[in-house]
Each structure stands twice: as C-alpha cells, then as structure tokens.
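Novice: sequence unavailable; structure follows:
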Ligand SMILES: [Zn+2]
C-alpha cells in the first residue's frame, strides 16, 4: 500500500481506539496524529530512501522484513504499555494497522521473520493491488471516518 494509505489507516485505527477507550476530545485528534505517523514507521526503509539512506536501512532490516514481523509488533505493544500514555497507544495502533494493511496486499507480510513465509488476511481473490481502485476506495472511506470521528468530538465541546 502507499504511504498515504498507511497514514490514513493508522489515523483511523488510532481514532477508533481513542473512541473505544473514551478518550477526551483533543486526545482523539492527538491519537489520530500519532497513529498516522506511526503508520509509516514499518516502511522506514522506503522513507530513508527519500533521503538517500534507503540502502543502509534496507541492508539492516530489509523491506517488509523484521519491521513487519510479530517481533516488531510485540516490541511496539510492550513500548506502548511501558510509556503508558494514550499517544503511545495511538502510535502502537497505527503501527499494527500498517502490518494488517500490508497483509491485505498480494505481497503479504513475513510475520514469522526471519522465516520467509508470507501471511495474508484475505483470500487470494480479494487481495489488494497497491495504488489500485480498491485502495483508493479504502482511503476515501477512512478519511470520512476520521473526519466524522474527530469532528463529532470537536462539536461536542462544552460551550
Ligand atoms: Zn509495509
């Protein structure tokens, strides 16, 4: 999936977590932001490529390598509980959403890294092609969800 989609999915997931845990209004927005940013982190090698360090990061972690594994997911969740702040939980939700989203693509995710077996969340016929119409539909739908979720909270401010 594209970076834009990962930001949107991360923000939507964190906003949903914020709503589910009855966070204060501004924290819903804060968690959406932290989730959106963290939604990009598993593809750190792609981000690093933009500043010409991609070869280094790719050498260390590979693309869809350890950053897309159960090891990384466990580390992020442990870190969130260690920090124990809603923004950290929003970031963890964004990170995990990235892995789940990549598991819906044809390429899959090596959850058991360094074992190279790829895991998917959908049947083969429904797997998403990066940049396709299906991905755009997900982007638009989740953008409306984020706007609704954060706007709803803002309009509920006491006057
Ligand atoms: Zn990824």
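Specialist: In hand now; what should we look at? As the structure is a computational prediction, the values presented were derived from the model and not from experiment.
Novice: in the protein, which helix is the longest?
Specialist: helix 133-155 (DSSP state H).
Novice: list the buried residues for that one?
Specialist: Residues of helix 133-155 classed as buried by neighbour count (16 or more other C-beta atoms under 10 Å): 135, 138-139, 142, 145-146, 149-150, 153. From N, CA and C alone the C-beta is placed, and that goes for glycine too.
Novice: same question for stretch 116-125.
Specialist: Applying 16+ other C-beta under 10 Å to stretch 116-125 flags 118, 120 as buried.
Novice: got the end-to-end distance for that stretch?
Specialist: 22 Å (C-alpha to C-alpha, to the nearest Å).
Novice: that older thread, nearest to residue 25, of the buried residues of helix 133-155?
Specialist: residue 153 (4.2 Å; C-beta to C-beta).
Novice: for the longest helix of the chain, the distance to its chain's centre please.
Specialist: 15 Å (C-alpha atoms, centre = their mean, to the nearest Å).
Novice: helices and strands around it, which ones?
Specialist: Packed against helix 133-155 by the contact rule (3 or more C-beta pairs under 8 Å, 6 or more residues apart in numbering; DSSP states H and E) you find helix 3-20, helix 25-38.
Novice: doesn't residue 74 make contact with residue 96?
Specialist: No - using C-beta atoms under 8 Å, residue 96 makes no contact with residue 74, being 10.3 Å away.
Novice: between these two, who's got more neighbours?
Specialist: Between residue 96 and residue 74, counting by other C-beta atoms under 10 Å, residue 96 is the more crowded of the two (21 against 10).
Novice: wait, what's in contact with that one?
Specialist: Going by C-beta atoms under 8 Å, 6 or more residues apart in numbering, residue 96 touches 13, 73, 76-77.
Novice: tell me which residues of stretch 75-91 come out buried.
Specialist: Neighbour count says stretch 75-91 has 76-77, 80, 86-91 buried, by 16+ other C-beta under 10 Å.
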